[in-house]
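*Asks:* coords please:
(chains A, B, C, D, E and F)
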4 protein chains.
Amino acid sequence: MENKSKPKYKLILDAAVEVIAENGYHHSQVSKIAKKAGVADGTIYLYFKNKEDILVSLFEEKMGQFVSKIKDEIEQIDEADQKLYKLIEMHFQQLSEDPDLAIVTQLELRQSNKRLRLKINEVLKGYLTLMDDILHEGMKDGTFQDQLNVKLVRQVLFGTLDEVVTNWVMKEQRYNLVKQAKEVHYLIYNGLRKHN
Amino acid sequence: MENKSKPKYKLILDAAVEVIAENGYHHSQVSKIAKKAGVADGTIYLYFKNKEDILVSLFEEKMGQFVSKIKDEIEQIDEADQKLYKLIEMHFQQLSEDPDLAIVTQLELRQSNKRLRLKINEVLKGYLTLMDDILHEGMKDGTFQDQLNVKLVRQVLFGTLDEVVTNWVMKEQRYNLVKQAKEVHYLIYNGLRKHN
Amino acid sequence: MENKSKPKYKLILDAAVEVIAENGYHHSQVSKIAKKAGVADGTIYLYFKNKEDILVSLFEEKMGQFVSKIKDEIEQIDEADQKLYKLIEMHFQQLSEDPDLAIVTQLELRQSNKRLRLKINEVLKGYLTLMDDILHEGMKDGTFQDQLNVKLVRQVLFGTLDEVVTNWVMKEQRYNLVKQAKEVHYLIYNGLRKHN
Amino acid sequence: MENKSKPKYKLILDAAVEVIAENGYHHSQVSKIAKKAGVADGTIYLYFKNKEDILVSLFEEKMGQFVSKIKDEIEQIDEADQKLYKLIEMHFQQLSEDPDLAIVTQLELRQSNKRLRLKINEVLKGYLTLMDDILHEGMKDGTFQDQLNVKLVRQVLFGTLDEVVTNWVMKEQRYNLVKQAKEVHYLIYNGLRKHN
DNA sequence: AATGAATGAGATTTCATTCAT
DNA sequence: AATGAATGAAATCTCATTCAT
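*Replies:* Okay, here's the model as predicted:
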């Protein structure tokens, strides 16, 4: 379970994801996380202010990577439409590849209190901005209609992705999520593109 | 606070919505709900099996009315596209009209544990079926493309509505939600209709 | 241990005195007090806001009785000097009669934090006022010198009583405390009376 | 903060007085003392057996100086009565001059547990013996009554001094403590001297 | 049907002390 | 001699639920 080479900070965060995915948010005691990470309970508090801080850090860390990976891929693409597709695909792909993280983000972290959820929203802003950028770009270059309500479209996009992933998690990840990217993209894109 | 004419069952459910909207899910103790309803703590357990049962019943009751009102309106409409519009509009309208309920369904009840959320999903099935019906009808009569993945489209639709309402609640209901129905319908409908 | 006739409030306070005297302030967990009182841990919190509140209430209750008993006796005495003697004697007597309470007030409660000690001082004010009254009376009627610094004399008197009782408690109450009343009174009285 | 010329032992004790006076007994963690002394936490344990040992040593060191200074002055005085006065005055004076130490001895160290307080009493014995000596001397040479209960008188004296200083500390040292020496001496002396 | 006093399980966090370097 | 990262034991309080009246 323990990994001598990793710094304790990482060890604890990884353990937290595992423990929360396995036991659910409300049955994930600090002592369980510590045990899984192979450290003493008190050690947790050398790296995190309190239990909530573990969760916020977890989300910041994982979501930061999540978004920056998508960003990296998208930068190499020219067309807004293709960027949109890539975003959808990678959103599904990354969560597919880390089922524990999917459970934590889609189900367990939502059970947290309002303050924690506000912090989580803060972290999500970077992702939403990325969506906005793609939309603006597509509006500018004529790929999308030029009078889109960006804020609203972003809600459509994010709401769709979130619901699709949540359904997949609730169905215990029994089907291939990534394969749905094409269809989802088609539906969204048709909503945005110009029509004759 | 108390209402002599109402049966205690209703009194307790209404009190629950108020208390949860006001104090948040995690600070809504059974004793608080009892007090607001004007009954003793123990009385709650004559009408509900346990605390979770209050929440499920609350959701069943309110969501049942929510869906049946939409159903009633939609039955009087012929075109699938117009039905879709009506559904979106009424979804927004009903939650606009009951801000406490909006807070409870969009924010507070999500903090509940997995088992409760599964039961809530059970209640939602009636609503999702209604969406399915509209989609099938539109596919049949040629309003929508005839090879839609209904399950997926329903996720797009529900995910979108849910996210748009949640955003409105999180922004403290400061703008007119119903006015967004038209734009949301336009985006979704464009995604579904036939294109030449 | 339990006493069905007594109200729970009293039961808990009495248990607290016993438990603290026996185990010391820092080893007197709420659960120990509850057990000794014959109630559940949670019941404590129906009668007291928190653990500190038990201690403050304990002191208020016991000290209130302590002072009012002394007051009652003193009211029936005419001479300031005899009042002083009675106060000293009863101070010693009452603590002699309740050795557990003596341990708690002289040793254990002093280990509490500053805030609790301030509240304790608040309760003590009634006692100090009683001392002041005796002094003023004696100054007026010529029993004592008429230019005493009352505030200071009160400190001499209280400091003396407190130290004498503490010594007795620390010596494990092995000698007769009440018998020292006469000598203590003699020393103090000589300090206060007029000299030719 | 650190003082290169002082041995670490002294550095740590001085830091302890400062930290306790500033933060109170219960918020004076070993790590805080170490930081203020400019040493590592572990270093503390090269000089002291444990936390309690810091406090006992602190008291021994400071109280040792306290008593020996009083002894030195008193030795140069002939009359028991004047010795008594000097003791009172210097008791007040020394604590006046070191407000941090006054806070620590009068308020903070009292919050310690019974065992530590027994050790503190051990240290105090030297002071009490000094008082006894003065009393015996005065009884012998006719300054004081010759049938005093020395043990008891010593409690009156110490209890008085202690209470007067504590009051001054609790009143945040806002008045001149040393000026009260004369009055206190007068009250005590009158209690002890022969009367015709 | 209604009451409400009583129950008791369960978890976060602190901090004195150690010991490998 | 000195460091400081790591340890792990230990206790308050909440609140859903019961049951005697």
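*Asks:* which residues sit in contact with A:L55?
*Replies:* Neighbour list for A:L55: A:A16, A:L109, A:S112, A:L116 [criterion: Cβ atoms under 8 Å, 6 or more residues apart in numbering or on different chains]. Heads up, the C-betas are built off the backbone N, CA and C, glycines and all.
*Asks:* ok, and the most crowded of those?
*Replies:* Among those, A:A16 has the most neighbours (other Cβ atoms under 10 Å in any protein chain shown), with 25 neighbours.
*Asks:* ok, it touching A:E52?
*Replies:* No: judged on Cβ atoms under 8 Å, A:A16 makes no contact with A:E52 at a distance of 11.6 Å.
*Asks:* quick one on the thing from earlier: save the contacts of A:L55 as TSV, and put in pLDDT too.
*Replies:* Shown next, in TSV, are the contacts of A:L55 (pLDDT from 0 to 100):
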residue	pLDDT
A:A16	96
A:L109	88
A:S112	79
A:L116	82
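*Asks:* From these, which land in helices?
*Replies:* Taking DSSP state H, the ones among the contacts of A:L55 that sit in helices are A:A16, A:L116.
*Asks:* can the contacts of A:L55 go into CSV with extra columns for distance to C:N121?
*Replies:* Output for these, formatted as CSV (distance: Cβ to Cβ, whole Å):
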residue, distance to C:N121
A:A16, 47
A:L109, 48
A:S112, 43
A:L116, 42
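*Asks:* so which of the contacts of A:L55 comes closest to A:E122?
*Replies:* Set against A:E122, the nearest of these by Cβ to Cβ is A:L116 (10.5 Å).
*Asks:* contacting residues around that closest one?
*Replies:* Counting by Cβ under 8 Å, 6+ apart, A:L116 has contacts A:E52, A:L55, A:V56, A:L109.
*Asks:* of the residues you listed, list those near DNA strand E.
*Replies:* Near DNA strand E, taking Cβ under 7 Å from any atom of the strand as the test, the members of the contacts of A:L116 found are A:E52.
*Asks:* would you turn the contacts of A:L116 into CSV with secondary structure?
*Replies:* Listed next are the contacts of A:L116 as CSV, based on DSSP: H, G, I helix; E, B strand; the rest coil:
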residue, secondary structure
A:E52, helix
A:L55, helix
A:V56, helix
A:L109, helix
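*Asks:* nearest to chain B, of the contacts of A:L116?
*Replies:* Chain B lies nearest to A:L109 out of the contacts of A:L116, by Cβ to the nearest Cβ, at 10.3 Å.
*Asks:* just checking, that closest one touches A:I120?
*Replies:* Yes: contact criterion Cβ under 8 Å: A:L109 and A:I120 qualify, at 6.5 Å.
*Asks:* pLDDT wise, what is the residue positioned nearest the centre of chain A at?
*Replies:* Centroid-nearest residue in chain A, with Cα atoms, centre = their mean: A:M63, separated by 5.3 Å. We have a pLDDT of 93 for A:M63.
*Asks:* what about the helix or strand bottoming out on mean pLDDT in chain A and DNA strand E, touching?
*Replies:* In chain A, no helix or strand scores lower on mean pLDDT, DSSP states H and E than helix A:114-140, which sits at a mean of 91. No: judged by Cβ under 7 Å from any atom of the strand, helix A:114-140 and DNA strand E are separated, with a smallest distance of 12.1 Å.
*Asks:* So which bits of that helix are buried?
*Replies:* Going by neighbour count (16 or more other Cβ atoms under 10 Å in any protein chain shown), the buried part of helix A:114-140 is A:116-117, A:119-120, A:123, A:127-128, A:130-131, A:134-135, A:137-139.
*Asks:* neighbouring contacts of stretch A:181-196?
*Replies:* A:81, A:84-85, A:88-89, A:92-93, A:135, A:138, A:142-145, A:148, A:153, A:156-157, A:160-161, A:164, B:149, B:152-153, B:156, B:186-192, B:195-196.
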